[in-house]
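S.K.: structure here, sequence nowhere to be found:
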């Protein structure tokens, strides 16, 4: 199938700059889903709109960190209408996603202590719309396990670059049939929620291993100094449920 017959989307990137957009277009992508850490939805939307163009659709999303720092379970929600904070219970986050009719994706299942488990995915089979079966941060054993889980519960698959670094964008992506007519965030949400057929494409050569090494190096930094900086030096997170932006709506389901 040629590029013109597909809608190619990197379903999860953390960074958004001119270089990211250039990289995505050069990789033949039609869209990227932008879901940075600890950033409220209005800011994500504004930045996504700024970088969207006729060449590349940038779709805003939130990867919500449910649970505490020790037992985080990341869930990717596309198509949110209202703000959802981090550090609330998994049950509360899933209920809010359902209320808003968002597309709910499970990134990097069972990866370290930051992911939905097999048990979680069994429990939320009617809420989660797709499971990531390939992630550049994963080692081969992690990707095999992700494929096993998706197959076990018959989840539609997806992949993404999960790019925390600009050079990672586009190394893996999900391709939908162009006949679906995906032209907007709403169209993508519909395709995901309805389980539309798709192809999962990723690089398995030298570039893949180089990408894995760089992204794992970034992960080590992210979970060392950056975590200390966020926990002890910056004060309350912008996406903390007790932040004034949430008007106390999530105080009763906050884990802190």
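M.R.: Nice, thanks for sending it over. Since we're looking at a predicted model, the values are computed, not measured.
S.K.: show me where pLDDT drops low in the stretch 1-150 of the chain?
M.R.: Along the stretch 1-150 of the chain, segments meeting pLDDT under 70 span 1-4.
S.K.: which residues of it fall in strands?
M.R.: Using DSSP state E, counting those that start in this stretch, the strands found in the stretch 1-150 of the chain span residues 6-13, 31-34, 57-66, 73-78, 103-106, 130-134.
S.K.: among those strands, which is nearest residue 197?
M.R.: Among the strands of the stretch 1-150 of the chain, strand 6-13 comes nearest to residue 197, with 10.9 Å by C-beta to C-beta. Placement of C-beta: from N, CA and C, glycine included.
S.K.: and the closest one, what does it pack against?
M.R.: Under the contact criterion of 3 or more C-beta pairs under 8 Å, 6 or more residues apart in numbering; DSSP states H and E, strand 6-13 touches strand 31-34, strand 57-66, strand 73-78, strand 172-177.
S.K.: relative to the whole chain's centre, how far out is the longest one?
M.R.: Relative to its chain's centre, strand 57-66 lies at 6 Å (C-alpha atoms, centre = their mean, to the nearest Å).
S.K.: now render the strands of the stretch 1-150 of the chain as CSV, adding distance to residue 87 and mean neighbour count.
M.R.: Below are these laid out as CSV (distance: least, C-beta to C-beta, whole Å; neighbours: other C-beta atoms under 10 Å):
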stretch, distance to residue 87, mean neighbour count
strand 6-13, 20, 25
strand 31-34, 21, 27
strand 57-66, 6, 24
strand 73-78, 11, 24
strand 103-106, 18, 25
strand 130-134, 22, 25
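S.K.: adding distance to residue 175, write those strands out as JSON lines.
M.R.: As requested, the strands of the stretch 1-150 of the chain are arranged in JSON lines below (distance: least, C-beta to C-beta, whole Å):
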{"stretch": "strand 6-13", "distance to residue 175": "4"}
{"stretch": "strand 31-34", "distance to residue 175": "11"}
{"stretch": "strand 57-66", "distance to residue 175": "14"}
{"stretch": "strand 73-78", "distance to residue 175": "17"}
{"stretch": "strand 103-106", "distance to residue 175": "16"}
{"stretch": "strand 130-134", "distance to residue 175": "13"}
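S.K.: looking at the ones you listed, which is closest to residue 91?
M.R.: The minimum distance between residue 91 and these falls on strand 57-66, with 8.6 Å, by C-beta to C-beta.
S.K.: so which elements touch the closest one?
M.R.: Strand 57-66 makes packing contacts with strand 6-13, strand 31-34, helix 41-51, strand 73-78, helix 90-99, helix 185-193 when contacts are defined by 3+ C-beta pairs under 8 Å, 6+ apart.
S.K.: quick one, it and helix 41-51 angle?
M.R.: Counting by axes from the mean of the first three to the mean of the last three C-alpha atoms, to 10 degrees, strand 57-66 points 160 degrees away from the direction of helix 41-51.
S.K.: hang on, the earlier thing: the helices and strands packed on strand 6-13: which one's closest to residue 5?
M.R.: strand 172-177 (7.2 Å).
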